[in-house]
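Q: Turn this into a model:
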Amino acid sequence: MIKELINFTNNLDEEFKNLGSSPKEGLHILMRYQTDEYGVISMDETDYQYEFFSKKQKTGTSEFLNYCKSLHQNAWCIDTNKCFDLPTKAIHTCSPFSVAFKQEHLEGGAKFNANKKKKQIYDRFSDYFAKAFALFKDNNEQEKYIVFKNFFSDNAFSSVLKKIEEERADQFNKSTEEAEKLKSQFKEEKDKSIKESLKSQIADYEQELLKVKPLDDSNYIIFYLDLPLEQYKEVHKKYLDDKLFNTDKYNTAPNEEGLILGTNNFMNGFNGNMPFLMHQTASFDITGRISNQDAKLLNDLKNMFPNKTLPNPLPILIYEDELQNEVIGLFKESSFKLSYREILERLIADNEVDLSNYYLLFWQNTMDGIVFKDFDYVSKFDYKVKDLIIHNLFEIREKGGKVDKHYSLIKNIFDFELQVLKPLIQNKYHRVDFFGDLNKDEFAKLDLTFSSFSKYRKAVYDFVYKSQRSSIDGHAFYEMVFNSILDDIKNGNNYGVKEKLNIWYSLYDYFNPKKNINMINRLKEYQDFVREIINDEDLNDITDEKFAFAAGQVIEYILSKSKSADNSFNLLEPYLQQSRCAEFKKAIANDFSRYKHENFSKNFEKVAAFVLSYETSANLKNLLPQILSGAFAKNQLFSSNSSK
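A: Presented below is the predicted three-dimensional model:
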């Protein structure tokens, strides 16, 4: 896995790696300097540029902030456990050219007030720069930038920060005053076009106020020394070479190629301090050592995931650099709006081949950072499926319409997911989250569907996205369909029941190829059998399934006599709980007695007589599909000529 991720990231250009990332939320201050004839720099505390960044800004990020973003990306700590400001962890940069901390650590901030007895941030800069200066190649470099260290150690930065905050406060007050004037005009104005203009101006002022609002404790304050980006990268590389590894124990001196080897820190909980958890007798290297260059690439990839610039799931093609670049190009071209499905459809259409030999990675951003939920090899992605159609056997109509529903032809696996599998395990919001936490609240009144979702969501994902067609067999398909149907019955969803029955009959042979049964023909046989009873024809080949279908027709006819406004099919549920034929028929007889004062058709009398006289030792719960089919199919027992 590691090798494939390294190769993938190595094919990405620097511009793409930074797309989608944002500057840190807070105040960015670029300090300029002067150099004398000996190369020694001196600070001019009046020569600086600053700008505030807020994630709430709707306007694009300025060129200055994009530049600052590049600088702090090449000055930031990997994580706070590997920063230079231990144990306080207040300073989050690891560079001699930049210092970043949050407002909460300054006087008046929450952390400052809570830690009055401890060493405050003002007293920690000397220790910070001692470690940061160690990143220089020689002592002359340290001396050259000592003035930047003194800028913090002598607390000169506070006067610059104070001046900036005074300027921002003045701008904030002026902008607030202007915004309030416009709001007053807006309230009094009657002309719609003028009101729209005022509304736009107010929005512009509100955006300006975001840039000059008082700092919150959570806002960063980041000082930069105005140096070329390459200098930032050079010293940051030395920090990364040392800190990107999980432990220093297995680090080595540079090899002949100048590479440092160490234990991989990427998504790895290495137990170097717990030898009882490690292989003691392995004849091969199990430490997971990689080079510092590869560690840097993995770190780049890790930083990209939160930017949402990569499709999820992410196909990582092997030995297909050109195709891999095409995937990235498609995503970039669409401003990161193409879904995984759309990317694969474009890729397959353009290259006229199915994808093969790649890894599929699915990840999620969590409170604890990036978590890999699934990473698997796909030998071949079968995009096309044999043309399939869901037949409207139960005569449902388009939602809100007067015409029968028409199902589109299923030509590919994503059509299959949308029309067949998703309706069986989706939550009440009609969504399917394959790898998120199991949230029962999203399946309110869908208890059995939640059971299917919990049990089969990974199987559905493998079936669709990894072409593992064996992950869903006839048993799984049956359970998903009828769990969903039983929930629909409880919720009075007549449309949902009929749609799932359409799916089951239409796709039965697809999921049960060895049984060689055409269930659509079977359904017709059930309907023909009821017609034969009504027409007093000789009955041949009587089966339990035909009896169950006829019983469903009888039950639905009886329940239609109910004057109850309850549309939840509660009266149907008791029948579905019966397993013995005698008890099942007794329930039918009891309901018939309850409504015997109603008119009943001759058709009903004939079919009911057959049903109540039939005997079987079969478990009727195994005949659930046929009972429900009879209850929800077109009922043949109604007649214009009825008798009492």
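Q: which residues in this protein form strands?
A: Assigned by DSSP state E, the strands in the chain fall at 26-35, 41-53, 98-102, 220-225, 261-263, 289-291, 314-317, 356-366, 369-380, 384-388, 410-412, 600-601, 642-643.
Q: any chance of those in TSV, with distance to residue 586 too?
A: In short, each C-beta sits where N, CA and C put it, glycine included. Below are those laid out as TSV (distance: least, Cβ to Cβ, whole Å):
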stretch	distance to residue 586
strand 26-35	75
strand 41-53	74
strand 98-102	74
strand 220-225	74
strand 261-263	71
strand 289-291	72
strand 314-317	58
strand 356-366	52
strand 369-380	50
strand 384-388	41
strand 410-412	43
strand 600-601	19
strand 642-643	24
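Q: Quick one: these as CSV, columns for mean pLDDT and mean neighbour count too.
A: Below are these laid out as CSV (pLDDT from 0 to 100; neighbours: other Cβ atoms under 10 Å):
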stretch, mean pLDDT, mean neighbour count
strand 26-35, 93, 18
strand 41-53, 90, 15
strand 98-102, 97, 25
strand 220-225, 97, 23
strand 261-263, 71, 21
strand 289-291, 78, 20
strand 314-317, 84, 22
strand 356-366, 86, 17
strand 369-380, 87, 14
strand 384-388, 89, 12
strand 410-412, 94, 18
strand 600-601, 90, 18
strand 642-643, 42, 12
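Q: do you know which of the ones you listed lies nearest residue 615?
A: The closest of the strands of the chain to residue 615 is strand 600-601. By Cβ to Cβ, the value is 23.3 Å.
Q: just so I know, which of the strands of the chain lies nearest residue 173?
A: strand 41-53 (15.5 Å).
Q: re earlier: ok, which of the strands of the chain comes nearest residue 166?
A: Among these, the nearest to residue 166 by Cβ to Cβ is strand 41-53 (12.3 Å).
Q: between that closest one and strand 26-35, what angle do the directions make?
A: Computed by axes from the mean of the first three to the mean of the last three Cα atoms, to 10 degrees, the angle separating strand 41-53 from strand 26-35 equals 160 degrees.
Q: Report the angle between strand 41-53 and strand 220-225.
A: 140 degrees.
Q: partners of strand 41-53, with directions?
A: Sheet pairing for strand 41-53, assigned by DSSP bridges, gives strand 26-35 (antiparallel).
Q: Return the strand it pairs with as PDB; C-alpha atoms alone will do.
A: The C-alpha coordinates for strand 26-35 follow below in PDB (Å, rounded to 0.1, in the frame of the first residue of the first chain):
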ATOM      1  CA  GLY A  26      -6.200  34.500  11.800                       C
ATOM      2  CA  LEU A  27      -3.700  37.400  11.400                       C
ATOM      3  CA  HIS A  28      -0.800  37.000   8.900                       C
ATOM      4  CA  ILE A  29       2.000  39.500   9.400                       C
ATOM      5  CA  LEU A  30       5.000  39.700   6.900                       C
ATOM      6  CA  MET A  31       8.000  41.400   8.500                       C
ATOM      7  CA  ARG A  32      10.500  43.000   6.100                       C
ATOM      8  CA  TYR A  33      14.200  43.600   6.900                       C
ATOM      9  CA  GLN A  34      17.300  45.400   5.700                       C
ATOM     10  CA  THR A  35      20.700  43.900   5.000                       C
END
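Q: What lies in contact with it?
A: For strand 26-35, the external contacting residues (Cβ atoms under 8 Å, 6 or more residues apart in numbering) are 41-44, 47-53, 64-65, 68, 72, 102-103, 147-148, 151, 160-161, 164, 215, 219-226.
Q: residues near the nearest residue to residue 571 once chain neighbours are set aside, how many?
A: Nearest non-adjacent residue to residue 571, counting by Cβ to Cβ, 6 or more residues apart in numbering: residue 559, 5.1 Å away. Using other Cβ atoms under 10 Å, residue 559 is surrounded by 17 other residues.
Q: Am I right that residue 559 is in contact with residue 591?
A: Yes - using Cβ atoms under 8 Å, residue 559 is in contact with residue 591, at 7.1 Å.
Q: Now for those two: what residues contact both?
A: Common neighbours of residue 559 and residue 591 (criterion: Cβ under 8 Å, 6+ apart): residue 571.
Q: tell me what the lengthiest helix in the chain is packed against?
A: Under DSSP state H, the helix in the chain containing the largest number of residues is helix 156-188. Applying 3 or more Cβ pairs under 8 Å, 6 or more residues apart in numbering; DSSP states H and E, we find helix 156-188 packed against strand 26-35, strand 41-53, helix 192-212.
Q: any idea which helix or strand of this protein has the worst average confidence?
A: Ranking every helix and strand in the chain by mean pLDDT, DSSP states H and E puts strand 642-643 at the bottom, with a mean of 42.
Q: What's the separation between residue 356 and residue 376?
A: Residue 356 sits 14 Å away from residue 376, going by Cβ to Cβ, to the nearest Å.
Q: meant to ask about residue 172
A: Going from residue 172 to residue 376 by Cβ to Cβ gives 53 Å.
Q: again, but for residue 189
A: Computed with Cβ to Cβ, the distance linking residue 189 and residue 376 is 61 Å.
Q: And for residue 70?
A: For residue 70, the distance to residue 376 - Cβ to Cβ - is 35 Å.
Q: Check residue 298 too.
A: The gap separating residue 298 from residue 376 is 19 Å, by Cβ to Cβ.
Q: and what of residue 132?
A: Residue 132 is 42 Å from residue 376, by Cβ to Cβ.
Q: what does residue 516 give?
A: Residue 516 sits 32 Å away from residue 376, going by Cβ to Cβ.
Q: same check, this time on residue 143
A: As judged by Cβ to Cβ, residue 143 and residue 376 stand 54 Å apart.
Q: do residue 224 as well
A: Residue 224 sits 43 Å away from residue 376, taking Cβ to Cβ as the criterion.
Q: is it true that residue 294 touches residue 6?
A: Yes - shown here, residue 294 and residue 6 form a contact pair, counting by Cβ under 8 Å, at 4.9 Å.
Q: Neighbour count for these two, which is higher?
A: residue 294 (23 against 19).
Q: check contacts around residue 105.
A: Residues near residue 105 by Cβ under 8 Å, 6+ apart: 90, 111-112, 120-121.
Q: Then residue 63?
A: Counting by Cβ under 8 Å, 6+ apart, residue 63 touches no other residue.
Q: quick one: pLDDT of it?
A: pLDDT, residue 63: 94.
Q: cool, residue 338 as well?
A: Predicted confidence (pLDDT) for residue 338: 78.
Q: Run through the residues that contact it.
A: Residue 338 sits next to 311, 330-331, 346 when contact means Cβ under 8 Å, 6+ apart.
Q: give me that answer again for 6 Å
A: Residues in contact with residue 338, defined by Cβ atoms under 6 Å, 6 or more residues apart in numbering, are residue 331.
Q: So that it lines up with my notes, have the first residue be 357 from now on.
A: Will do, 357 is the new start, and the previous item becomes residue 694.
Q: any idea how far it lies from residue 981?
A: According to Cβ to Cβ, residue 694 and residue 981 sit 40 Å apart.
Q: Just grab the bridge partners of the residue nearest the centre of the chain for me.
A: Closest to where the C-alpha atoms of the chain average out (Cα atoms, centre = their mean) is residue 720, at 6.1 Å. Counting by DSSP bridges, residue 720 is bridged to residue 727.
Q: so it sits right up against residue 728, yeah?
A: No - using Cβ atoms under 6 Å, residue 720 is not in contact with residue 728, being 8.5 Å away.
Q: Can you name the residues that contact the residue nearest to residue 876 when sequence neighbours are not counted?
A: In space, and not counting its chain neighbours, residue 876 is closest to residue 861: 5.5 Å by Cβ to Cβ, 6+ apart. Residues in contact with residue 861 (Cβ under 6 Å, 6+ apart) are 749, 875-876, 879.
Q: All set now, cheers.
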